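> Fold the following for me, if possible:
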Amino acid sequence: MSFSACDPSGERVLFLDGNLNQVGAWSFHQPNSTAKIYPYAACFFSNNTSFVLTHYGDICELKYCDTRTGGVIKTNPTPQRLRSYAMCCDEQSNCLIADAGNHSLLSTNLNETVQQYTFKSVRDPYSMTFLSDGTLCVTDRSTLSGKNGGIAVMTEVPLATN
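As a prediction, the model looks like this:
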């Protein structure tokens with residue numbers, strides 16, 4: 001068994017073995033540059049590719065990478081003001097992104113199709129997960145759900161109908 005972990009302060013994605021020993025890393029550090037690139041989330045696919053969500057100053061990007069080399073294949077277009085620290089992806093490389101900057105959830109895929117969804121129950125999405133029954137749970141940092149934020153729970157329905 002192996003694991004991966006984003007290390008924003010080190011500008012890298014770490015690869016760990018079953019004992020959590022580091023066995024590799026991808027660096028996003030740009031030599032001769034003072035600008036930092038912070039990876040915040042990564043999803044890996046069985047076809048040796050991955051999506052990595054990075055921050056570069058005020059710019060948040062979704063990079064499509066070759067898992068064998070760590071090289072960026074392309075950077076998918078994203079909406080202006082995207083601010084995100086979490087995403088969920090499926091094996092078909094469909095990606096759902098929590099976008100606090102635009103107060104929405106975004107879906108994107110390898111064809112670069114980006115759709116934006118807004119909900120009354122989600123204002124400042126921070127992270128998310130799917131439960132085993134298909135329910136989407138979104139951590140919302142806004143005060144709509146209480147003084148310190150809360151969790152919006154959505155049942156599995158097509159996003160376009162919500």
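
> Quick check: bridge partners of Ser27?
With DSSP bridges applied, Ser27 shows beta-bridge pairing to Arg12.

> Next, count neighbours for it.
Using other Cβ atoms under 10 Å, Ser27 has 14 neighbouring residues. For glycine as for every other residue, the C-beta is placed from the backbone atoms N, C-alpha and C.

> Contacts only, for it.
11-12, 70 (Cβ atoms under 8 Å, 6 or more residues apart in numbering).

> One more: Cys88?
So Cys88 contacts 43, 95-96, 128-130 (Cβ under 8 Å, 6+ apart).

> So Ser9, which state does it fall into?
Put simply, Ser9 is helix when judged by DSSP: H, G, I helix; E, B strand; the rest coil.

> Tell me who's in contact with it.
Contacts of Ser9 (Cβ under 8 Å, 6+ apart): Tyr38.

> Give me the pLDDT value at it.
Note on Ser9: pLDDT of 90.

> try Met1
Residue-level pLDDT assigned to Met1 equals 67.

> Output the below-cut-off pLDDT ranges for the protein.
In the predicted model, the chain carries pLDDT under 70 at residues 1, 143-162.

> Tell me which residue lies farthest from the centre of it.
Here the chain reaches farthest from its C-alpha mean at Asn32, the gap being 27.1 Å by Cα atoms, centre = their mean.

> which residues does the residue nearest the centre of the chain form a beta bridge with?
Centroid check for the chain by Cα atoms, centre = their mean gives Met87 as the closest residue, at 3.0 Å. Taking DSSP bridges as the rule, Met87 bridges to Ile97.

> I'd say it and Ser93 touch.
No: look at Met87 against Ser93 with Cβ atoms under 8 Å: they stay out of range, at 11.6 Å.

> which residues are common contacts for these two?
In contact with both Met87 and Ser93: Phe51, using Cβ under 8 Å, 6+ apart.

> So what touches whichever strand or helix holds Cys43?
Following DSSP states H and E, one finds Cys43 within strand 37-44. Around strand 37-44, the neighbours that count as contacts under Cβ under 8 Å, 6+ apart are 4, 6-9, 11-13, 28-30, 50-56, 67, 84-89, 95.
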